[in-house]
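A.B. asks: give the three-dimensional model of this entry:
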Amino acid sequence: MEECQEPIIDCEELARYHDNTGRPDRLSGGVTMVPVKTPAGEFRVWTKRIGNNPRARVLILHGGPGATHELYEAFDSFLPAAGIEYHYYDQLGSAYSDQPDDASLWDVDRFVDEVDQVRAALGLNRDNFILYGQSWGGILAIEYALRHQQHLKGLVISNMMASVPDYCAYARDVLAPQLPPEVYREVRAIEDAADFANPRYMELLMEHYYPVHVLRMPPEQWPEPVLRTFAHLNEAVYVPMQGQSEFGVTAGARLAHWDRKADLHRITVPTLTLGATHDTMDPGHMEWMARQFPNGTAHRCPNGSHLSLYDDQEDYFNALTGFIRRIA
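C.D. replies: Here you go, the predicted structure:
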């Protein structure tokens, strides 16, 4: 292999941003590596812009915590045609961004500060900045709006309730008992024993729970961006914040007591909640959320689940692009 020569990018630098998982390197076209300051030092997070619209610029906050932007590649089939600019973004600790080994960084307040640093670096402001958050990204989007809504033009909360305890109650009391009784008993026994490394746990979920409430397709038909996202999930971020249970947030996890129901009225920018009939999140709660926002709108995808951007795709993106175009 020939050595790199100036002004071509340094070989060692390029190698640091490329791994053997088949991902493109982090310095590909359209990418901006944004420096973010944290209590543990300065790191860099990965962003990529698609499109150009000075009136409608969407920053995508991915789920997890510790997942990646890859899940949202479905946006490529809908937002460009609607003339909407959007920015993929891997939060610190996620696949294409730096992944420091410091658990103190996995904190809601620090993530909110990171989002604002990314916003400023990308030149997003109240004239164009629409913040989209899905699942954990919805928590982060709510927290951001409560602290920095002076920078926002609009807000989208997708597949996330305003209370983790309420989410846990819905999962435990409504969704879990819908499993076949013998499956429910076995899943509960594994959870009660905290035996989450048991391969039987994921086997049961992939057969009986995920294809009903997470993505309503047979797992062997799941889209490739979804599979990549699961493969790149950083458990070092996910477990401290979310825990290991798939029926809510594990007691003791950092998000276990998160609840912003009483504060939603403070978010006055135009806000859309996107829920789904078969979601892991209570769609009725999400419609209630929209009524708490002074300028809120709710949409329920009738055939969708937690990933309704794939399993009720036309309906989901019609609602999303319609909202963005109305407020732009």
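A.B. asks: give me the pLDDT for residue 7.
C.D. replies: Listed pLDDT for residue 7 reads 35.
A.B. asks: over to residue 129?
C.D. replies: In this prediction, residue 129 carries a pLDDT score of 98.
A.B. asks: next, find the distance separating it from residue 325.
C.D. replies: As for residue 129, its distance to residue 325 is 16 Å (criterion: C-beta to C-beta, to the nearest Å). Bear in mind the C-beta positions are built from the backbone N, C-alpha and C, glycine included.
A.B. asks: now do the strands in the protein.
C.D. replies: Taking DSSP state E to define them, one finds strands in the chain at 31-38, 41-50, 57-61, 85-90, 129-134, 154-158, 271-276, 296-301.
A.B. asks: okay, those in JSON lines with mean neighbour count and distance to residue 254 next?
C.D. replies: Below are the strands of the chain laid out as JSON lines (neighbours: other C-beta atoms under 10 Å; distance: least, C-beta to C-beta, whole Å):
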{"stretch": "strand 31-38", "mean neighbour count": "16", "distance to residue 254": "16"}
{"stretch": "strand 41-50", "mean neighbour count": "18", "distance to residue 254": "19"}
{"stretch": "strand 57-61", "mean neighbour count": "26", "distance to residue 254": "17"}
{"stretch": "strand 85-90", "mean neighbour count": "24", "distance to residue 254": "20"}
{"stretch": "strand 129-134", "mean neighbour count": "26", "distance to residue 254": "17"}
{"stretch": "strand 154-158", "mean neighbour count": "28", "distance to residue 254": "20"}
{"stretch": "strand 271-276", "mean neighbour count": "28", "distance to residue 254": "24"}
{"stretch": "strand 296-301", "mean neighbour count": "22", "distance to residue 254": "27"}
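A.B. asks: now distance to residue 289 too, for those strands, in TSV please.
C.D. replies: Below are the strands of the chain laid out as TSV (distance: least, C-beta to C-beta, whole Å):
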stretch	distance to residue 289
strand 31-38	29
strand 41-50	28
strand 57-61	17
strand 85-90	23
strand 129-134	13
strand 154-158	7
strand 271-276	5
strand 296-301	7
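A.B. asks: just list the residues touching the residue lying closest to residue 31 once chain neighbours are set aside, thanks.
C.D. replies: Computed as C-beta to C-beta, 6 or more residues apart in numbering, the closest residue to residue 31 that is not its neighbour in sequence is residue 48, at 4.9 Å. For residue 48, the contacting residues are 28, 30-32, 69, 87-89, by C-beta atoms under 8 Å, 6 or more residues apart in numbering.
A.B. asks: who does residue 48 form a beta bridge with?
C.D. replies: Legend: beta-bridge partners of residue 48 under DSSP bridges are residue 31, residue 88.
A.B. asks: returning to that earlier point: between the contacts of residue 48, which is nearest residue 222?
C.D. replies: residue 69 (17.2 Å; C-beta to C-beta).
A.B. asks: which residues sit in contact with the closest one?
C.D. replies: Counted by C-beta under 8 Å, 6+ apart, residue 69 has contacts 46, 48, 60, 62, 88-90, 94-96.
A.B. asks: how about residue 79, nearest residue that isn't a chain neighbour?
C.D. replies: Nearest one to residue 79, counting by C-beta to C-beta, 6+ apart, is residue 86 at 5.3 Å.
A.B. asks: my guess is that neighbour contacts residue 76, does it?
C.D. replies: No. Residue 86 lies out of contact with residue 76 (C-beta atoms under 8 Å); the separation is 9.1 Å.
A.B. asks: any shared contact partners between those two?
C.D. replies: With C-beta under 8 Å, 6+ apart as the test, residue 86 and residue 76 both reach residue 50.
A.B. asks: returning to that earlier point: closest one of the contacts of residue 48 to residue 193?
C.D. replies: residue 69 (35.0 Å).
A.B. asks: can you give me the helices in the stretch 151-300 of the chain?
C.D. replies: Using DSSP state H, counting those that start in this stretch, the helices of the stretch 151-300 of the chain run over 164-170, 181-192, 199-208, 224-232, 235-242, 283-292.
A.B. asks: quick revisit: nearest to residue 184, of the contacts of residue 48?
C.D. replies: Minimum distance to residue 184 across these is 34.2 Å, recorded for residue 69 (C-beta to C-beta).
A.B. asks: not counting sequence-adjacent ones, nearest residue to the closest one?
C.D. replies: residue 88 (3.9 Å).
A.B. asks: now for residue 181, how many residues are close by?
C.D. replies: By other C-beta atoms under 10 Å, 8 other residues sit near residue 181.
A.B. asks: quick one: residues contacting it.
C.D. replies: Contacts of residue 181 (C-beta under 8 Å, 6+ apart): none.
A.B. asks: quick one: it from residue 155, how far?
C.D. replies: Distance from residue 181 to residue 155, by C-beta to C-beta: 41 Å.
A.B. asks: go on, residue 93?
C.D. replies: Taken as C-beta to C-beta, the span from residue 93 to residue 155 is 24 Å.
A.B. asks: likewise for residue 133?
C.D. replies: From residue 133 to residue 155 the distance is 8 Å (C-beta to C-beta).
A.B. asks: what is in contact with these two at once?
C.D. replies: Common contact partners of residue 133 and residue 155 (C-beta under 8 Å, 6+ apart): residue 141.
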